[in-house]
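Student: Prediction below, plus the sequence it came from.
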Amino acid sequence: MRDAANFDSPINLYEADNHAKLRILLITGGWEVRRSFNQMGIHAGDRVRVLRRAPFGGPLMIDSRGTRVAVGKQLAEKIRVEVLP
């Protein structure tokens, strides 16, 4: 994916590597997008971890506070994250 030394700018969730620990910075999109994430229990400021990525542009499985959530590619691209050490 991206070089580990080049994380000075935020990336979207879909660009993150497997098993990466992340902090959600911003959820872009309209109120429907924010509502979808709110229903999944995902909010700005939360720490999440990418568990696995489905092949061929499939959904990501992430861990958010002990809950596993599948997030589709289009929704994952609307979440800006920073990689945590």
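Tutor: Structure received.
Student: show me the contacts for I11.
Tutor: R2, R80, V81, E82, V83 (C-beta atoms under 8 Å, 6 or more residues apart in numbering). C-beta here means a position set from N, CA and C on the backbone, and glycine is covered the same way.
Student: These: which two are farthest apart?
Tutor: With C-beta to C-beta as the measure, no two of those lie farther apart than R2 and R80, at 13.9 Å.
Student: between the two, which one's more packed in?
Tutor: R80 (17 against 12; other C-beta atoms under 10 Å).
Student: In this structure, mark out all the strands, start to finish.
Tutor: Secondary structure of the chain (DSSP state E): strands at 11-12, 21-27, 47-53, 60-64, 67-71, 79-83.
Student: name the helices or strands packed onto the fourth one?
Tutor: Contacts of strand 60-64 with other secondary structure elements, assessed using 3 or more C-beta pairs under 8 Å, 6 or more residues apart in numbering; DSSP states H and E, are made with strand 47-53, strand 67-71.
Student: what's the angle from the first one to strand 79-83?
Tutor: Going back to what we said before, that points to strand 47-53. Following axes from the mean of the first three to the mean of the last three C-alpha atoms, to 10 degrees, one obtains 100 degrees for the angle between strand 47-53 and strand 79-83.
Student: Run through who's touching strand 47-53.
Tutor: 13, 16-24, 42, 60-65, 68, 81, 84.
Student: Among these, the buried ones, what's the ChimeraX command?
Tutor: Per 16 or more other C-beta atoms under 10 Å, the buried members of the contacts of strand 47-53 correspond to this ChimeraX selection:
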select :13,16,20,22,24,42,60,61,62,64,81
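Student: Run through the residues that contact the residue lying closest to G29 once chain neighbours are set aside.
Tutor: Ranked by C-beta to C-beta, 6 or more residues apart in numbering and with sequence neighbours excluded, the top spatial neighbour of G29 is K78, at 4.5 Å. Taking C-beta under 8 Å, 6+ apart, we find K78 in contact with N12, I27, T28, G29, V33.
Student: so what secondary structure elements neighbour the least confident helix or strand in the chain by mean pLDDT?
Tutor: Between all helices and strands in the chain, the lowest mean by mean pLDDT, DSSP states H and E belongs to helix 31-40, at a mean of 88. The contact analysis (3+ C-beta pairs under 8 Å, 6+ apart) places helix 31-40 against strand 21-27, helix 73-76.
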